[in-house]
Each structure stands twice: as structure tokens, then as C-alpha cells.
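**Student:** I would like the atomic coordinates for the input below:
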Amino acid sequence: MTVKKTVENVVQAKSEVEKLVSTGYSHDDIYIFAHDEKRGNDITEALDTEKVGLKEEGVLNTLKNLVSSRGDELRSKMEAAGLTTTEAETAEEELDQGKLVIIANKTNNK
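**Tutor:** The predicted model follows:
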């Protein structure tokens, strides 16, 4: 099952990650997205969550993202983490507003 949460800052993100872990998700099941790549990487590292990579996206999408806009890359990665195309579009709009999107998906890492 895929769960999506939107939060305003890293403090709220930490709280949501803790809630997800307490309900049975592992840190490897949880992805955090920010529009700014450095911010997203820093938060992912600080909260010990997973990055969407080759395993989730596949080779073709990973290569395509090398030349895509940041918005296209984020939507592709959020779809790989478990969102539908429509959900990823909505989530990317939330990222444009400076929010963080958290996706928890138990099926991606099994």
C-alpha cells in the first residue's frame, strides 16, 4: 500500500516518518521529496530514508531523468515510488510551493 503525506518542513517530516515507522513501514520504504535537489538529499540523509534509484525507476527512466527538467524528474521518481501519474502531478505542484512530499510504499523494496 502506498501512503502520501505532504508537510511544510523537516520537523513535520521527521514526525511523519516516525509515525510511518511505528505503523510498520521501514526507513527503506519511505521516500522524501523536495523541489530543491540538495534540500531533498539532505533531508533524506538526515532522516535515514530511501532514495529513488535504478531499482525503483529502471534503466530507461533513470537515463531519461539525466536530461529532463527537475519537475519531470520529480514526477517520474514519485511514480516509481508508488504514486499514479495524476498523484505525482499534484505532488509536484505541492513541491513547487516549497512543501515536502513523503511517500511510503512497502512493495518497492521487497
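**Student:** wait, is D72 part of a helix?
**Tutor:** Yes. Counting by DSSP: H, G, I helix; E, B strand; the rest coil, D72 is found in a helix.
**Student:** That one and E89: what is the separation?
**Tutor:** Look at D72 and E89: by C-beta to C-beta, to the nearest Å, they are 11 Å apart. Every residue, glycine included, has its C-beta placed from N, CA and C.
**Student:** quick one, strands of this structure?
**Tutor:** Ranges of strands within the chain are 2-7, 30-33, 100-105, based on DSSP state E.
**Student:** what's D48 sitting at in phi/psi?
**Tutor:** phi 50, psi 50 (degrees, to the nearest 10).
**Student:** same question, N9
**Tutor:** According to degrees, to the nearest 10, N9 has phi -150, psi 180.
**Student:** Check what pLDDT the closest residue to it other than its chain neighbours gets.
**Tutor:** Once flanking residues are discounted, N9 sits nearest to L100: 7.2 Å by C-beta to C-beta, 6 or more residues apart in numbering. Per-residue pLDDT puts L100 at 97.
**Student:** same thing with D28?
**Tutor:** D28 is assigned a pLDDT of 92 by the prediction.
**Student:** just checking, it touches E50?
**Tutor:** Yes. If you go by C-beta atoms under 8 Å, D28 and E50 touch, sitting 5.1 Å apart.
**Student:** quick one, which of those two is more surrounded?
**Tutor:** E50 (21 against 13; other C-beta atoms under 10 Å).
**Student:** quick one: that one from V17, how far?
**Tutor:** E50 is 11 Å from V17, by C-beta to C-beta.
**Student:** Quick check: neighbours shared by the two?
**Tutor:** By C-beta atoms under 8 Å, 6 or more residues apart in numbering, E50 and V17 have these common neighbours: 27, 30.
**Student:** For L74, which non-adjacent residue is spatially closest?
**Tutor:** Nearest one to L74, counting by C-beta to C-beta, 6+ apart, is E92 at 5.3 Å.
**Student:** What segments of the chain are helices?
**Tutor:** 10-22, 37-46, 54-57, 59-65, 70-80, 85-96 (DSSP state H).
**Student:** Of the ones you listed, which is nearest A104?
**Tutor:** Checking the helices of the chain against A104 by C-beta to C-beta gives helix 10-22 as the closest, at 4.8 Å.
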